[in-house]
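1. Dropping the sequence and predicted coords here.
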Amino acid sequence: MLSDEEGARAVRLARESLVAALGSSGPSRGRPIESGALPEVFEEPRGAFVTLRRHPGGELRGCIGFPLPTHPLGRAIREAAVAAATEDPRFPPVRAAELATLSLEVSVLTVPVPVTSRQPESLLREVRVGRDGLIVDGFGTSGLLLPQVAPEQGWNSEQLLEGTCEKAGLPPHAWKDPRVRVRRFEADVFAEKFPGGPVVRATP
């Protein structure tokens with residue numbers, strides 16, 4: 001787990017990456033974080049996602065990341081932040097002027113592990129809303145939902161499984177198919193209270 005200070009640095013790093021990429025001073029506050037000044041955990045391979053939300057309503061404006069620990073955490077945050085702003089196919093690219101209206105959220109993931117239960121009733125008990133994010137793989141496609149999605153939507157474990165299948169472009173009940181792989185992971189989630197403002201731990 002990241003400390004609160006490390007989580008705050010992760011979010012500030014994401015905002016600084018956006019400011020640099022989009023060419024705006026934005027509402028970035030505090031001293032810039034140089035790579036050499038980052039804690040050691042930022043050199044460790046970690047999965048990470050960056051989520052952009054409109055303030056104050058909290059509507060999604062972009063979310064992209066790395067499910068697996070393929071990059072050092074610092075690099076994963078930088079690249080995910082820019083990709084969330086410019087490459088999320090659900091939204092037009094973020095404009096520099098928008099940064100002042102967007103709150104940032106960084107999720108640092110544990111390594112996904114297989115859900116061992118294959119009987120639907122047991123699988124439902126193994127998946128815990130508020131703790132688990134899910135990855136569903138099958139039939140040449142994959143989908144991921146972060147742990148905070150189910151509580152935000154008021155879903156139970158079955159709805160989380162169905163929603164992840166739909167994210168993958170699969171039928172909602174595909175998770176019951178033995179040819180479909182289900183993995184779960186947890187996340188440390190840190191978010192700005194308002195654009196460029198204080199960062200709080202937001203783990204569900």
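-> Nice, thanks for sending it over.

2. center of the protein - which residue?
-> residue 49 (3.3 Å; Cα atoms, centre = their mean).

3. what helix or strand does the closest residue to it other than its chain neighbours sit in?
-> Once flanking residues are discounted, residue 49 sits nearest to residue 65: 2.9 Å by Cβ to Cβ, 6 or more residues apart in numbering. In this view, the C-beta of every residue, glycine as well, is placed from N, C-alpha and C. Element membership of residue 65, judged by DSSP states H and E, is strand 60-66.

4. And the longest helix anywhere in the chain, what's buried?
-> Longest helix of the chain, by residue count under DSSP state H: helix 4-22. By 16 or more other Cβ atoms under 10 Å, the buried positions in helix 4-22 come out as 6-19, 21-22.

5. Where do the domain boundaries of the protein fall?
-> As given by automatic domain parsing, the domain ranges for the chain are 4-110+187-201, 113-185.

6. now the ones you listed as CSV including mean pLDDT?
-> Shown next, in CSV, are these (pLDDT from 0 to 100):
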stretch, mean pLDDT
domain 4-110+187-201, 91
domain 113-185, 96
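
7. Which strands and helices lie in contact with the longest helix of the chain?
-> helix 73-86, strand 102-109, strand 187-192, strand 199-201 (3 or more Cβ pairs under 8 Å, 6 or more residues apart in numbering; DSSP states H and E).

8. The next helix or strand after the second one pairs with which strands, parallel or anti?
-> Proceeding C-terminally, strand 102-109 gives way to strand 113-114 as the next helix or strand, assigned by DSSP H and E. Using DSSP bridges, the neighbouring strands of strand 113-114 in the sheet come out as strand 181-185 (antiparallel).

9. about what we covered before: out of the helices and strands packed on helix 4-22, nearest to residue 95?
-> Closest to residue 95 of these, according to Cβ to Cβ: helix 73-86, at 9.3 Å.

10. so that closest one versus strand 60-66, what angle?
-> 140 degrees (axes from the mean of the first three to the mean of the last three Cα atoms, to 10 degrees).

11. And residue 189, how far from residue 197?
-> 16 Å (Cβ to Cβ, to the nearest Å).

12. So between these two, which is more surrounded?
-> When neighbours are counted by other Cβ atoms under 10 Å, residue 189 and residue 197 differ, and residue 189 comes out ahead with 23 against 14.

13. wait, doesn't that one sit right on residue 105?
-> Yes - the pair residue 189 / residue 105 is scored as a contact, 6.4 Å apart, by Cβ atoms under 8 Å.
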